[in-house]
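Q: Turn this into a model:
(2 chains)
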Amino acid sequence: IAGITQAPTSQILAAGRRMTLRCTQDMRHNAMYWYRQDLGLGLRLIHYSNTAGTTGKGEVPDGYSVSRANTDDFPLTLASAVPSQTSVYFCASSDDRDSPLHFGNGTRLTVT
Amino acid sequence: EDQVTQSPEALRLQEGESSSLNCSYTVSGLRGLFWYRQDPGKGPEFLFTLYSAGEEKEKERLKATLTKKESFLHITAPKPEDSATYLCAVQARGSNSGYALNFGKGTSLLVTP
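A: Got it, this is the predicted structure:
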């Protein structure tokens, strides 16, 4: 089934550790995104990529980095995790500027 | 700055009791307004895109409408399986974030038998 695959589905991480959240899509979409979802704050954009080889910062980029080496993969790295990064992380993709975003089922991350 | 405000935050309906969810927005040039449904533990699932004031879209018991300041998601004769969180999002022309969507905080809908 075509779509977005995120891994892991959940993770408990000690503060200060490095972590990479994986996101792969098989729809050949040009644009990809990372959002975090927190109770009372909704979905907030962390980073985005309009096409392979380019990335941009969203609303809450601090503490996160991304890369887009190819069309299908868009990993999100936390270099040194902090408790405030406890959240549910969603990866999404879209075909072009007028297309809806398609979301994965998220990674639930707890930083202790 | 683009803003999306959804109301109410939570809504409880009896099965068959129709109602509407509101999404008010301010954006510097609307490219599109999107409605999503999100079930617990899942990612948002796309429902509708509206592009211009006066536009309407329908899907089963749901109908979305758009004006220059707000959008409504009308739910007619809801069933328990319509229980979910409904998210509204806008895409702005000339956004600094590419084609990304700016989301509201959602309305949590519970439909009881």
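Q: C-alpha only now, for contacts and for neighbours.
A: Fine.
Q: What separation is there between residue A:62 and chain B?
A: Distance of residue A:62 to chain B, given as Cα to the nearest Cα, to the nearest Å: 15 Å.
Q: isn't residue B:72 right up against residue B:21?
A: Yes. Between residue B:72 and residue B:21 a contact is recorded at 5.5 Å, counting by Cα atoms under 8 Å.
Q: Could you list the low-pLDDT ranges of chain A?
A: Per-residue confidence for chain A (pLDDT under 70) gives these ranges: A:1.
Q: Just grab the bridge partners of the residue positioned nearest the centre of it for me.
A: The centre of chain A sits closest to residue A:34, judged by Cα atoms, centre = their mean, with a distance of 3.1 Å. Counting by DSSP bridges, residue A:34 is bridged to residue A:47, residue A:91.
Q: dump the residue contacts of it.
A: A:45, A:46, A:47, A:48, A:76, A:89, A:90, A:91, A:92 (Cα atoms under 8 Å, 6 or more residues apart in numbering or on different chains).
Q: So residue A:6 is in contact with residue A:92, correct?
A: No. The pair residue A:6 / residue A:92 is not scored as a contact, 9.7 Å apart, by Cα under 8 Å.
Q: More neighbours: the two, which one.
A: Counted by other Cα atoms under 10 Å in any protein chain shown, residue A:6 and residue A:92 do not tie: residue A:92 has more neighbours, with 29 against 22.
Q: who are the neighbours in contact with that one?
A: Contacts of residue A:92 by Cα under 8 Å, 6+ apart are A:4, A:32, A:33, A:34, A:35, A:101, A:102, A:103, A:104.
Q: measure the third one to residue A:14 for me?
A: Read it as residue A:33. 25 Å (Cα to Cα, to the nearest Å).
Q: circling back: residues shared between the contacts of residue A:6 and residue A:92?
A: residue A:104.
Q: Do a quick rundown of the strands in the chain.
A: You didn't pick a chain, so chain A it is. A:4-7, A:10-13, A:19-25, A:31-38, A:42-49, A:56-57, A:64-66, A:76-78, A:87-94, A:102-103, A:107-111 (DSSP state E).
Q: not quite, I wanted chain B
A: B:3-7, B:10-14, B:19-26, B:30-38, B:45-50, B:56-59, B:62-66, B:70-75, B:84-92, B:102-103, B:107-112.
Q: which other residues reach the shortest one?
A: Taking contacts as Cα under 8 Å, 6+ apart, the residues outside strand B:102-103 that touch it are A:42, A:43, A:44, A:45, B:2, B:3, B:4, B:87, B:88, B:89, B:90, B:91.
Q: which of the residues in stretch B:48-66 are buried?
A: Within stretch B:48-66, the residues that count as buried by 16 or more other Cα atoms under 10 Å in any protein chain shown are B:48, B:49, B:50, B:51, B:56, B:62, B:63, B:64, B:65, B:66.
Q: ditto for stretch B:4-17
A: B:4, B:5, B:6, B:7, B:9, B:11, B:13, B:15.
Q: Same check on stretch B:101-113?
A: Buried residues in stretch B:101-113, counted by 16+ other Cα under 10 Å: B:101, B:102, B:103, B:104, B:105, B:106, B:107, B:108, B:109, B:110, B:111, B:112.
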